[in-house]
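[1] predicted model follows, preceded by the sequence.
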Amino acid sequence: MFHMTFPAITVGLSILLSVLYGIYWKTGNVIYLSLD
């Protein structure tokens, strides 16, 4: 069960962090860094 859930969580979090950093670089708004 661990093998199925842990990779899914880490992949999802890495995509979320990439999106947040991309929005921060585009807008320059610091709020997106605090969502990290």
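    It's in.
[2] do you know how far residue 16 is from residue 1?
    Using C-beta to C-beta, to the nearest Å, residue 16 is found at 23 Å from residue 1. For glycine as for every other residue, the C-beta is placed from the backbone atoms N, C-alpha and C.
[3] distance from the chain centre to stretch 25-36, please.
    Centroid separation between stretch 25-36 and its chain, computed with C-alpha atoms, centre = their mean, to the nearest Å, is 12 Å.
[4] can you list contacts of it?
    Contact with stretch 25-36 is made by 17, 20-21, 23-24, as judged by C-beta atoms under 8 Å, 6 or more residues apart in numbering.
[5] what is the burial count for residue 21?
    Residue 21 is flanked by 13 other residues according to other C-beta atoms under 10 Å.
[6] so for the residue nearest to it when sequence neighbours are not counted, what's the pLDDT?
    With sequence-adjacent residues excluded and distances taken as C-beta to C-beta, 6 or more residues apart in numbering, residue 21 is closest to residue 32, at 7.5 Å. In this model, residue 32 is scored at 88, pLDDT.
[7] list the buried ones in whichever strand or helix holds residue 33?
    Assigned by DSSP states H and E, residue 33 belongs to helix 31-34. Judged by neighbour count (16 or more other C-beta atoms under 10 Å), helix 31-34 contains these buried residues: residue 32.
[8] give me the buried positions along the longest helix along the chain.
    Counting residues, the longest helix found in the chain (DSSP state H) is helix 2-27. When burial is assessed from 16+ other C-beta under 10 Å, helix 2-27 yields the following buried residues: 20, 24.
[9] now do it: distance to the chain's middle.
    3 Å.
[10] closest to residue 11 out of the contacts of stretch 25-36?
    If you rank these by distance to residue 11 using C-beta to C-beta, residue 17 comes first, at 11.0 Å.
[11] could I get the pLDDT score of that closest one?
    Residue-level pLDDT assigned to residue 17 equals 93.
[12] can you tell me how far it is from residue 25?
    The spacing between residue 17 and residue 25, counted by C-beta to C-beta, is 13 Å.
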